[in-house]
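**Student:** starting from these lines, generate the structure:
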Amino acid sequence: MHIPQLQRVCLCILTVLVCMSCSACLCQARPTKAQAGMVVDAEAIRASVAMGEAYLEAAVKEDGSFVYLYDPETQQEVDDYNVVRHAGTVWSMARALRYLDTSSDGSPALAWHERADAMHRAADKMLDWMVPCVPGIDTALCMRNSKWVSKLGGNALALLALSEIGLLHLESPHLSDTTSVQYGVAHYTPYMHGLAAGILGCMDGQGGWDHHNFDCRKGTTKSGKCSFFAGEAALALCRYHSYSGDTDALEGAREAVTRIVADQDAALEASREKKEAEGVTPKYTMDHWVCIAMSYLNGVEPLPSYLTDHLREQAVLMQRGQRTSGRYLGGYQKPPAVCSSATRFEALVGAYSVLCADQTHTAGSAALCTGIRQTLARGSHFLVSSQYPAPRSVHTESTLVGALPPQDGQAFSAVGGWPSKQNDRQIRIDNVQHSMCALMGMAVLA
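**Tutor:** Modelled structure (predicted):
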C-alpha cells in the first residue's frame with residue numbers, strides 16, 4: 001500500500017503541533033477512582049479531534065477510497081471495504097472541519113482548502129457509486145456497493161455527508177472563496193436532491209420504508225433489514241432540511257422518528273415483561289442516529305412529550321454498564337470497545353441537548369442531567385486516552401491496547417486512529433468517525 005508522501009508529511013506536522021500545544025491536557029494512562037467525577041476537557045477534545053481528522057485525511061487515497069482497515073502491527077492495510085461506513089466517515093470529516101474551523105485558528109484559506117481536498121476526494125468517490133434505481137422516480141438516486149446493491153443506510157449516510165459538506169461550504173470563510181470553486185456547493189447539490197428523492201419516495205406512508213436493500217441490476221428488492229438504517233435516514237433528512245430548507249424532508253424525518261420510537265418502545269415493553277420476572281435488566285435498542293435526529297427536530301420545534309419520555313428512558317438505560325473506575329474508565333462492554341462506547345455517547349449527547357439544555361430541567365430531572373454529564377465526562381476520558389497518540393507526547397500510549405509498535409516512518413501511520421477494542425488493535429475508519437463525532441458533541445458540555 002502506498003500513501004502519498006505529502007499526506008504523510010502533513011499528518012506528521014499536524015499531530016506533532018497538536019501534541020506540543022495540548023499534550024499537557026491529555027488524560028493520564030491510569031485513572032484513579034477519584035477521576036470518576038471528572039469534567040469534560042475542551043482542550044483535550046480539540047486535540048483529539050484534530051489528530052483523528054488528520055488520520056482520516058491521510059487515509060484518503062488518490063482515488064478517493066479510504067484505508068478502510070489498518071493493522072498497526074503489520075503496518076498494512078487489511079483487504080475489506082464497506083461503502084456505508086465510507087459515507088459515514090466523510091460526514092465525520094466535514095463535521096470535524098466545521099468544528100476545527102474557528103476564528104481563533106488563523107490558518108490561511110488555501111491551507112484549509114488543501115485540508116479539505118481529501119474530504120472532497122472521498123465525497124467524489126461516492127458520486128461514482130450513484131445510480132438511478134428507484135422505479136417510478138426518475139430523479140431519485142441510490143448509492144450502490146460493489147455487488148450493485150443499494151442499502152437505505154448507505155443512501156442516508158451519503159445524503160448526510162453531502163449535506164454536511166454543503167453546510168461547511170456555506171458557513172466556512174475558508175471554503176467560500178474562489179480557491180474552492182471546483183468543489184462549490186453546486187457540485188454536490190444535484191446528488192443531494194436525488195438521494196433525498198429516493199429516500200422519501202421509498203417511505204411506506206407510516207414512517208417506515210418498504211425495503212432496506214435493493215438490487216440495482218435486477219430491479220428487485222432484497223430481504224434483510226438493519227435496525228440502524230431508519231435512524232440514519234431520519235438524521236439525513238434532518239441535515240438535508242438544514243441545508244436545503246426542504247419541508248418534505250423535515251416532515252419525513254418527523255414521521256420516521258415517530259415510527260422508530262413506537263417500534264422501540266413496543267420492543268422494550270415486550271422485553272421488560274419477559275425479563276423482569278427473571279430479575280434481568282430488559283434489553284433495549286440503542287439507536288444513536290435517532291437520538292441525534294430528535295435533537296435536531298427539537299431545535300426546529302419542541303418535541304412532543306411522548307418523544308421526550310422515550311429519550312428520558314433511553315438516557316437512563318444507556319448510562320448502565322459504563323466502567324466508573326480502573327484503567328478502562330468510561331468505556332462499555334467486555335472487553336472494552338471503542339465504537340460501541342462512542343455510539344452510546346453520541347446518543348447521550350443528543351438526549352442531553354433535549355432534556356437538559358434548559359437550566360430549569362423541565363424535560364429531565366436535575367439528577368438525570370447530572371448523571372448524563374458525568375457519564376459523558378468519563379466517556380471523553382475513555383475516548384481521548386484510547387486513541388493512538390503522537391510520538392513524544394505526554395499521552396504515551398493507548399490505555400486500551402498499550403503503546404504502538406515502532407513505526408518505520410515509511411508506511412501509513414496509526415497516529416490519531418482508534419483501535420477497535422482491548423483485544424483488537426486494528427483501526428477501522430468508523431472507529432475514528434464515531435469517536436470524533438462523540439467528542440465533538442461532548443465539547444459543548446465543557
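
**Student:** unless I'm mixing things up, Pro405 is touching Pro72, no?
**Tutor:** Yes - contact between Pro405 and Pro72 holds when scored by Cβ atoms under 8 Å: they sit 6.2 Å apart. Every residue, glycine included, has its C-beta placed from N, CA and C.

**Student:** what about those two, which has more around it?
**Tutor:** Neighbour comparison, Pro405 and Pro72: the larger count goes to Pro72, with 22 against 12 (by other Cβ atoms under 10 Å).

**Student:** now do the closest residue to the more buried one other than its chain neighbours: how many residues are near it, please.
**Tutor:** Excluding the flanking residues, the one nearest Pro72 by Cβ to Cβ, 6 or more residues apart in numbering is Ala414, at 4.0 Å. Burial measure for Ala414: 24 neighbouring residues, criterion other Cβ under 10 Å.

**Student:** same question, Leu159
**Tutor:** 32.

**Student:** what strand or helix carries it?
**Tutor:** Using DSSP states H and E, Leu159 sits in helix 152-171.

**Student:** quick one: contacts of the helix or strand just after that helix?
**Tutor:** Counting by DSSP H and E, the next helix or strand C-terminal to helix 152-171 is helix 185-201. Contacting residues not belonging to helix 185-201 are listed as 123, 126-127, 130, 132-134, 136-137, 139-143, 152, 155-156, 158-159, 162-163, 165-166, 169-170, 233, 236-237, 240, 243-244, 246, 248-249, 252 [Cβ atoms under 8 Å, 6 or more residues apart in numbering].

**Student:** now stretch 347-361: how far from the chain's centre is it?
**Tutor:** 19 Å (Cα atoms, centre = their mean, to the nearest Å).

**Student:** for the record, mean pLDDT for that stretch?
**Tutor:** Stretch 347-361 comes out with an average pLDDT of 85.

**Student:** would you indicate which residues of it are buried?
**Tutor:** Using 16 or more other Cβ atoms under 10 Å as the test for burial, stretch 347-361 gives 347-356.

**Student:** okay, and the beta partners of Glu77?
**Tutor:** Here Glu77 sits in beta bridges with Tyr70, as judged by DSSP bridges.

**Student:** state the pLDDT value of the residue nearest to Pro72.
**Tutor:** On pLDDT, Ala414 comes in at 89.

**Student:** what helix or strand is it on?
**Tutor:** For Ala414, there is no enclosing helix or strand under DSSP H and E.

**Student:** gap between it and Lys151?
**Tutor:** Separation of Ala414 from Lys151 (Cβ to Cβ, to the nearest Å): 29 Å.

**Student:** next: Phe228.
**Tutor:** Distance from Phe228 to Lys151, by Cβ to Cβ: 11 Å.

**Student:** same deal with Gln426?
**Tutor:** Gln426 is 23 Å from Lys151, by Cβ to Cβ.

**Student:** who's more crowded, the two?
**Tutor:** Lys151 (25 against 19).

**Student:** beta-bridge partners for the more buried one, please?
**Tutor:** Judged by DSSP bridges, the bridge partners of Lys151 are Asn213.

**Student:** from memory Arg121 sits against Val60, does it?
**Tutor:** Yes - here Arg121 reaches Val60: they are 5.5 Å apart, a contact under Cβ under 8 Å.

**Student:** neighbour count: the two, which is higher?
**Tutor:** Neighbours of Arg121 and Val60, each counted by other Cβ under 10 Å, are more numerous for Val60; the result is 26 against 17.

**Student:** surely that one meets Ala54?
**Tutor:** No - counting by Cβ under 8 Å, Val60 stays clear of Ala54, with 11.3 Å between them.

**Student:** show me the contacts for the closest residue in space to Met436 that isn't next to it in sequence.
**Tutor:** For Met436, ignoring the flanking residues on the chain, the nearest one in space by Cβ to Cβ, 6+ apart is Gly52 at 4.4 Å. Contact partners of Gly52, counting by Cβ under 8 Å, 6+ apart, are 96, 387, 416-418, 432, 435-436, 439.

**Student:** which stretches of the stretch 251-400 of the chain aren't confidently modelled?
**Tutor:** Along the stretch 251-400 of the chain, the model assigns pLDDT under 70 to residues 275-284, 359-364, 391-395.

**Student:** other SSEs contacting the longest helix anywhere in the chain?
**Tutor:** Among the segments of the chain that qualify as a helix by DSSP state H, the longest is helix 247-275. Applying 3 or more Cβ pairs under 8 Å, 6 or more residues apart in numbering; DSSP states H and E, we find helix 247-275 packed against helix 185-201, helix 229-244, helix 288-300, helix 305-318.

**Student:** so Ala414 makes contact with Ala390?
**Tutor:** No - Ala414 lies out of contact with Ala390 (Cβ under 8 Å); the separation is 10.6 Å.

**Student:** any idea whether the residue nearest to Met436 is helix, strand or coil?
**Tutor:** With DSSP: H, G, I helix; E, B strand; the rest coil as the basis, Gly52 sits in helix.

**Student:** thanks again, I'm all set now.
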